[in-house]
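> Fold the following for me, if possible:
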Amino acid sequence: MRKVLIALVVLVVLLIAVDRIAKVVVQHQAAGRIQDEYDLSERPDVTVHGFPFLTQVLRRELTRVDVDAAGVAIENTQNLDVDLTMRDVRLLEGYRGRARELDGTVLLPYDELARLVRETGAVGINLGYGGASDTIAIRASIPGPAGAVDVVAFGALRLSGSRLTMRPTRFEVNGEPVDPIVAELARNQLELAVRIPRIPGTISFESLHATEAGLQIGISGRNVSVG
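Just a heads-up that it's a prediction; the model follows:
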């Protein structure tokens, strides 16, 4: 009986080891496919949750899959950081699938956002964190009554569909509040609007937060095709 129990324990350990190895191999292969598909400079992190893994594969239903990728390009926008959580993923042919639920974030760096803004004709614009989750700093040189003035305008962010608007509410020059004339000139020139890239598929934008690294956009979707 003791030998049987030892054999059973060894068998369970081996099965767990095989399950873990299979999981690591699939995660690595999936990460490589994503890297090739989206031409990423770095391999993304792919994590499959749930145990045992092999029974999920046999059912062709994964409980949860997390993907964390940097340097993603969507439409004409580069260097996005994408962090996704997919739940109840039905496996299809190859590495394709369909997630019953998807949510996550997309980080849009300020320099990339500034490039999108400049493409609308707003030259000389630089963007950065404005010190609050709904505010960015818009830096620009504008013509004033006594010549060009380097202004920092703090704009409130609004997101409607894929349209992002930045409406200045406060202005500074050299860290000090500006006079009303310069403020009005800056307000007229630095009220910006730009279309941000949409994620392919049935994905909607749910939230928007300014961070020191860029704009963090919350996304979600239902019955989303992946792969």
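
> Spatially central residue in the protein, please.
Of all residues in the chain, the one closest to the mean position by Cα atoms, centre = their mean is residue 106, 1.1 Å from it.

> quick check: mean pLDDT across the helix or strand where that one lies?
Using DSSP states H and E, residue 106 falls within strand 97-109. Across strand 97-109, pLDDT averages out at 92.

> send the alpha carbons of the helix or strand that that strand is followed by over as CSV?
Scanning forward in sequence from strand 97-109 by DSSP H and E, the next helix or strand is helix 110-118. Extracted as CSV, the C-alpha positions of helix 110-118 are listed here (Å, rounded to 0.1, in the frame of the first residue of the first chain):
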residue,chain,number,x,y,z
TYR,A,110,2.2,62.4,-24.6
ASP,A,111,4.7,62.8,-27.5
GLU,A,112,2.6,60.6,-29.7
LEU,A,113,-0.5,62.5,-28.7
ALA,A,114,1.2,65.8,-29.5
ARG,A,115,2.1,64.4,-32.9
LEU,A,116,-1.5,63.6,-33.6
VAL,A,117,-2.5,67.1,-32.5
ARG,A,118,0.2,68.7,-34.8
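
> Nearest residue to the residue nearest to the centre of the chain in space, please, no chain neighbours.
Using Cβ to Cβ, 6 or more residues apart in numbering and skipping the chain neighbours, the partner closest in space to residue 106 is residue 217 (4.7 Å). From N, CA and C alone the C-beta is placed, and that goes for glycine too.

> Contacts only, for that neighbour.
105-108, 159, 196, 205, 207-208 (Cβ atoms under 8 Å, 6 or more residues apart in numbering).
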